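**Q** Sequence and computational prediction follow.
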Amino acid sequence: MRIAVSGSIATDHLMTFGGKFTDTLIAEKLDKISVSFLVGNLEIRRGGVAGNIAYGLGCLGLRPLLVGCVGPDFADYRSWLEAHGVDTSGVRTSTTRQTARFTATNDESGNQIASFYPGAMSEDAEIDITSLAAANGIELVLIGAGDPGAMQQHTADCRAAGIPFAADFSQQVAFLDGDAMRTLIEGAAYLFCNEYEAAVIESKTGWSGEDILARVGTRIITLGAEGARVERRGEDPLVVGPVTDATFVEPTGAGDAFRCGFLAATAWDLPLERAVQLGNLMAVHALETVGPQEYELKPAPLAERARLAYGDAAADDLAAHLPA
């Protein structure tokens, strides 16, 4: 199955604060907040949800098509992605804006305060996702967090053309209103979210979990250190536990890595349990490095880790599809 990934393509500026945000923030004064945090280090990394997911899929051997707009400063990033198995022919270069930028500060408890400059991403709606899909044999489009207008346009185009799509709001869950969410969800083959995002989606749309399952094929809810849960209408939820030997380093990109693992296993026609297991294994790769695309994927250690976490059958099923 050939997968296209749309959404943000960005440079990440990641900083670490050696304390807890909660020790500085005063609940009674949050309406007049003015704070700064002295950080101990700065890491500049490649990122953006579409870039991160495409990178992971490329490392897993799927040759995904990356779709989005970037600035003239994208050359090195493009070379990096191509070297890791990503098809960047669906990337459009803006003549007036720079590539989007994500700036995040994480504290010692794993909490994060971030800001995002959209830049060239604001032109994503000018991309014809239907033509790209037809020209590249695309069988599934992941519509990730990006320009809200582009998310709406790509979803409408996929729905009209009968192209299966996955909805993934992630960072945009705070900015999309209920009407937009309902439009983006309707008819999705997959809906990805974490527990907090699931609650926000239900609150904004006014739909219950059952209402959402009546409109999507599969809802996947990541549960952090508890693993992930998969829900389908009329079926019992499938809960898959985490990889328990994970060493937490930095959280950025873990959710994106989960998605690439889940989608890769789905593309290999493996069952949902295996898809979640590979998603959890890929998420651990991102958690154990600084930066969402800094992990190195080695098939043999990945298969062995799958064996330790999920048993021989899981390891054998995944190893059969991992790139040499």
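**A** Right, received. Where do you want to start?

**Q** which residues touch stretch 310-324?
**A** 59-61, 264-265, 268, 270, 273-274, 277-278, 281, 299, 302-304, 306-307 (Cβ atoms under 8 Å, 6 or more residues apart in numbering). Quick note: C-beta positions are derived from backbone N, CA and C, even for glycine.

**Q** Mind doing that once more with 7 Å?
**A** 60, 61, 268, 270, 274, 277, 278, 299, 302, 303, 306, 307 (Cβ atoms under 7 Å, 6 or more residues apart in numbering).

**Q** next one: stretch 82-90
**A** Contacts for stretch 82-90 (Cβ under 7 Å, 6+ apart): 4, 54-55, 58-59, 61, 63-67, 78, 81, 132.

**Q** May I see the ChimeraX selection of the buried members of those residues?
**A** In ChimeraX, this line selects whichever of those come out buried by 16 or more other Cβ atoms under 10 Å:
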select :4,54,55,58,59,61,64,65,66,67,78,81,132
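
**Q** Turn the contacts of stretch 82-90 into CSV, including secondary structure and pLDDT.
**A** CSV is the format used below for those (DSSP: H, G, I helix; E, B strand; the rest coil; pLDDT from 0 to 100):
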residue, secondary structure, pLDDT
4, strand, 98
54, helix, 98
55, helix, 98
58, helix, 98
59, helix, 97
61, coil, 97
63, coil, 98
64, coil, 98
65, strand, 98
66, strand, 98
67, strand, 98
78, helix, 97
81, helix, 98
132, helix, 97
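
**Q** Now for the contacts of stretch 310-324: which two are most distant?
**A** 61 and 307 (19.9 Å; Cβ to Cβ).

**Q** could you pull out the helices for the stretch 201-324 of the chain?
**A** With DSSP state H, counting those that start in this stretch as the criterion, the stretch 201-324 of the chain has helices at 209-213, 254-267, 272-287, 299-310, 312-319.

**Q** which helices and strands does the second one pack with?
**A** Helices and strands touching helix 254-267, by 3 or more Cβ pairs under 7 Å, 6 or more residues apart in numbering; DSSP states H and E, are helix 49-59, strand 218-222, helix 272-287.

**Q** ok and the last one relative to helix 299-310, angle-wise?
**A** It stands for helix 272-287. 120 degrees (axes from the mean of the first three to the mean of the last three Cα atoms, to 10 degrees).

**Q** and what of the first one?
**A** An angle of 100 degrees separates the directions of helix 49-59 and helix 299-310 when computed by the same axes, to 10 degrees.

**Q** next one: the shortest one
**A** Between the axes of strand 218-222 and helix 299-310, defined by the same axes, to 10 degrees, the angle is 90 degrees.

**Q** Please name the strands paired to strand 218-222 in the sheet, noting orientation.
**A** Sheet pairing here is set by DSSP bridges, and for strand 218-222 it gives strand 190-194 (parallel), strand 228-231 (antiparallel).

**Q** can you list contacts of that strand?
**A** Contacts for strand 218-222 (Cβ under 7 Å, 6+ apart): 189-195, 198, 212-213, 228-232, 255, 258, 262.

**Q** I'd like the distance between the closest residue to residue 275 other than its chain neighbours and residue 37.
**A** Spatial nearest neighbour of residue 275, excluding adjacent residues (Cβ to Cβ, 6 or more residues apart in numbering): residue 265 at 3.8 Å. Between residue 265 and residue 37 the computed distance is 39 Å (Cβ to Cβ, to the nearest Å).

**Q** So for the residue nearest the centre of the chain, what pLDDT did the model give?
**A** The residue lying closest to the centre of the chain (Cα atoms, centre = their mean) is residue 256, at 2.8 Å. Note on residue 256: pLDDT of 97.
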